[in-house]
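Participant: From the sequence below, what's the structure:
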Amino acid sequence: MPSRSARMDAIRALNQRFDRTTIENRSWEQVFDAYDTPATFFFLDPPYLDDGGKCYEGWSREELARFCARLKTLKGRWVFTFQDCIDVRHEMKGYPIKTITRARGIVNKSVTDAGVYRELIITSR
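Facilitator: Numbers count the residues shown, from 1 in each chain. Down below sits the predicted model:
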């Protein structure tokens, strides 16, 4: 285990990294309206199309289309993560898209249910 001094140094470094970060619990429309400038950077990880069980309701295809249309008009730069599906690939055609495979969250704690999940990382130009 790291020393108390090392832990405090890590906390100070983290504090500096998040010093100019704002985390909001508002609709994406309100966040875009409030913060979109050429100097803004958005990290966007909205609900996926499939339902998140007790954690969240999945988005509809219409909501995804509205989000993607607005995303394309932002002045700021952004990174957008989403499940790998034809809908988002269609909506974001022409933007840099990287496919990744990641562990399927808490399900991987059970050896019998372990799995992987394909996700997309899409960036502004």
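Participant: Please state the offset of the helix or strand of the chain with the lowest mean pLDDT from the chain centre?
Facilitator: Counting by mean pLDDT, DSSP states H and E, the chain has its least confident helix or strand at helix 4-17, which shows a mean of 86. Here helix 4-17 is found 25 Å from its chain centre; the criterion is CA atoms, centre = their mean, to the nearest Å.
Participant: I'd like the next helix or strand past it.
Facilitator: Using DSSP states H and E, the helix or strand that follows helix 4-17 towards the C-terminus is helix 28-35.
Participant: which residues touch the least confident helix or strand of the chain?
Facilitator: residue 2 (CB atoms under 8 Å, 6 or more residues apart in numbering). For every residue, glycine as well, the C-beta is placed using N, CA and C.
Participant: Quick check, central residue of this structure?
Facilitator: Geometric centre of the chain, nearest residue: residue 45, 2.2 Å, by CA atoms, centre = their mean.
Participant: Distance of it relative to residue 79?
Facilitator: 9 Å (CB to CB, to the nearest Å).
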